[in-house]
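>>> From the sequence below, what's the structure:
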Amino acid sequence: MKRRTLLGRTAAAGAAFALAGCLRRGGDENVLQVSSTDFGETEDGHLYFDATISNPSDREASGTVYVNSELNGNASTKVRQVDLGPHSTTTFRITYDVAFANVSDFTPNVDLTED
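Numbers count the residues shown, from 1 in each chain. This next block holds a predicted model:
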């Protein structure tokens, strides 16, 4: 798969992540949002995936982030815990043991559950 096609598919997925947080309302509902995602090549040539999680509310929030991906035909899930104070953001990086030059298909999906 060409890099341009790969980037286009990931950009579309990123737009869906951004819209997902806009559908929440109410003080007792979940407040954590996936603000943005990105992927690319590390300095040593491996594939990385970054996810930025935001808490736009006035209360503390914690949750679990699941990065489900299809990478060159292989499915994987990576899990990260997040604890965010009011009006804060954090970014975490997942590095895969695959050379970026060998990536033919990468489809990440981020699921977020609040504790």
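>>> downstream neighbour of the helix or strand where Phe92 lies in the secondary structure list?
Assessed by DSSP states H and E, Phe92 sits inside strand 88-99. Next along the chain after strand 88-99, taking DSSP H and E as the criterion, comes strand 106-114.
>>> Which other helices and strands does that following strand contact?
Other helices and strands packing on strand 106-114, by 3 or more C-beta pairs under 8 Å, 6 or more residues apart in numbering; DSSP states H and E, are helix 3-20, strand 33-41, strand 46-55, strand 61-71. Heads up, the C-betas are built off the backbone N, CA and C, glycines and all.
>>> same thing but 10 Å
Secondary-structure packing of strand 106-114 (3 or more C-beta pairs under 10 Å, 6 or more residues apart in numbering; DSSP states H and E): helix 3-20, strand 33-41, strand 46-55, strand 61-71, strand 74-84, strand 88-99.
>>> Give me the angle between the strand holding Phe92 and strand 74-84.
Relative orientation of strand 88-99 versus strand 74-84 (axes from the mean of the first three to the mean of the last three C-alpha atoms, to 10 degrees): 160 degrees.
>>> elements contacting strand 88-99?
Counting contacts by 3+ C-beta pairs under 10 Å, 6+ apart, strand 88-99 packs against strand 33-41, strand 46-55, strand 61-71, strand 74-84, strand 106-114.
>>> now for those strands, which one comes closest to Ala99?
Set against Ala99 and scored by C-beta to C-beta, those come closest in strand 46-55, at 6.2 Å.
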